[in-house]
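Visitor: Next comes the sequence, and after it the predicted model I'd like to discuss.
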Amino acid sequence: MNAAYVLQSGPDPFQAVNDVLNSPYVRIGFWLVASFFVVLWLSLAYWTFVDADRRGAARFFWGGVAFVFPFMGTLIYLIVRPPEYILDSRERELDLAVLEREIKHRVDLCPNCRSIVEKDYLLCPECDRDLKKLCEGCDRPLELSWGTCPYCAMVQSNKNVSR
Ligand SMILES: [Zn+2]
Ligand SMILES: [Zn+2]
């Protein structure tokens, strides 16, 4: 026991506090709180490891940091971690690729003046060059070189090819 407590006489408030602190219930309570924090710390370290992996960060480094510096390590990781999952960024790249493809499919360049023309333009609005001919059967725009319409299988007489 602390010497300061022994010197005091009469009802000792510190002794009362000491008794409370030494009671089994309080001890169990401390144990529970302490183990709660240990579990929280280990879960956070594990979560940091997994999250760093998903975001393409150095998972062993960040998992280690979160383990060695309880709570603070995870907090620092939360501040500097990459903003998005690898899957998300891959998905976005894929979306961009699809969009690019779509644009390429719908849009063409005039072979004469290089201005942007839509795929179904019959002539270039900038230089008047013929780009497509209309199918004689179904009126769809066809390449000038096509002899047969791929939509309705009508053989073209090529009379409206002009150059
Ligand atoms: Zn043109
Ligand atoms: Zn046709």
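Guide: Received it, and whenever you're ready, just let me know what you need. Ligands and ions are numbered 1, 2, ... in the order given.
Visitor: what about residue 97, distance to residue 47?
Guide: 32 Å (Cβ to Cβ, to the nearest Å). Bear in mind the C-beta positions are built from the backbone N, C-alpha and C, glycine included.
Visitor: So between the two, which is more surrounded?
Guide: residue 47 (14 against 10; other Cβ atoms under 10 Å).
Visitor: what's that one in contact with, if anything?
Guide: Residue 47 makes contact with residue 74, according to Cβ atoms under 8 Å, 6 or more residues apart in numbering.
Visitor: any chance you could read off phi and psi for the residue nearest to residue 146 when sequence neighbours are not counted?
Guide: Sequence neighbours aside, residue 156 is the residue nearest to residue 146 in space, at 6.8 Å (criterion: Cβ to Cβ, 6 or more residues apart in numbering). Dihedral angles phi and psi of residue 156 (degrees, to the nearest 10) take the values phi -90, psi 140.
Visitor: wait, residue 156 sits on residue 136?
Guide: Yes: when contacts are counted by Cβ atoms under 8 Å, residue 156 is listed as touching residue 136 (5.9 Å).
Visitor: got any residues that touch both of the two?
Guide: In contact with both residue 156 and residue 136: residue 149, using Cβ under 8 Å, 6+ apart.
Visitor: pLDDT wise, what is the residue nearest to residue 146 at?
Guide: With respect to pLDDT, residue 156 scores 89.
Visitor: Do I have it right that residue 46 meets residue 64?
Guide: No: counting by Cβ under 8 Å, residue 46 does not reach residue 64; the two are 11.9 Å apart.
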